[in-house]
Structure formats: C-alpha cells, structure tokens
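A.B. asks: Kindly generate the corresponding structure for this input.
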Amino acid sequence: MAVTNSATQNFVPIRDIRDGVVIMKNGQMAMVLLATSINFALKSSDEQRAILRQFQAFLNTLDFSILCSVPATKYSTILRTSTITRTRPR
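C.D. replies: Numbers count the residues shown, from 1 in each chain. Here you go, the predicted model:
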C-alpha cells in the first residue's frame, strides 16, 4: 500500500488570515474573540443583573451566527494559596 504525504493545509479549511479575520476556503469569514473571566458569584445581585443585561445587549446587536466556547479548567486553590504564602513579602 502506497503512503500518501499530504500537507496539513489540505485538511484545514482556512484559506487566509487577514487583520484577525479567518477566511475559510468556502468564502465564509470567522473571527476569534477572547474575553476574560469574572467571578460572577462574588458580584452583588445588581452587578449580576447589569452584567447579564450588557451581555444580552451585545448579543442582540449581532446579525450573524456565533459559537461560544467556554473551556472549564480545574483549579487548585490549595496550590495557589501555598504559592502566595511562599512568595509573600515579609
């Protein structure tokens, strides 16, 4: 059986990236938006409502489809606490 060497570019549906906009081989365009996280649970109920209203207003301004990806990462507060304790100035 013959081995075929194919370039990765043949499998990725991206034609080009210009000014942060991904141009797909089928002509569609995509953009990646990175947002920072907040600790929603620590916000007051007024702040939580304001955050939700602003996010809703943002979504209502869009006239195209979007995909939201929210990765979840386990975080050890014990590890973080020990790091802070060790690096704290005395």
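
A.B. asks: SS state for residue 69?
C.D. replies: Here residue 69 takes the coil state, with states given by DSSP: H, G, I helix; E, B strand; the rest coil.

A.B. asks: and it, what does it touch?
C.D. replies: Residues near residue 69 by C-beta atoms under 8 Å, 6 or more residues apart in numbering: none. No exception for glycine: its C-beta is placed from N, CA and C like everyone else's.

A.B. asks: who touches the lengthiest helix in the chain?
C.D. replies: Counting residues, the longest helix in the chain under DSSP state H turns out to be helix 45-61. With C-beta under 8 Å, 6+ apart as the test, helix 45-61 has contacts from 38, 40, 43, 66.

A.B. asks: The helix or strand where residue 15 lies - contacts with which helices or strands?
C.D. replies: According to DSSP states H and E, residue 15 maps onto strand 14-18. In terms of contacts (3 or more C-beta pairs under 8 Å, 6 or more residues apart in numbering; DSSP states H and E), strand 14-18 is packed against strand 21-24.

A.B. asks: What is the helix or strand that comes right after the strand it packs on packed up against?
C.D. replies: As assigned by DSSP H and E, the chain's next helix or strand after strand 21-24 is strand 29-31. The helices and strands touching strand 29-31, judged by 3+ C-beta pairs under 8 Å, 6+ apart, are strand 21-24.
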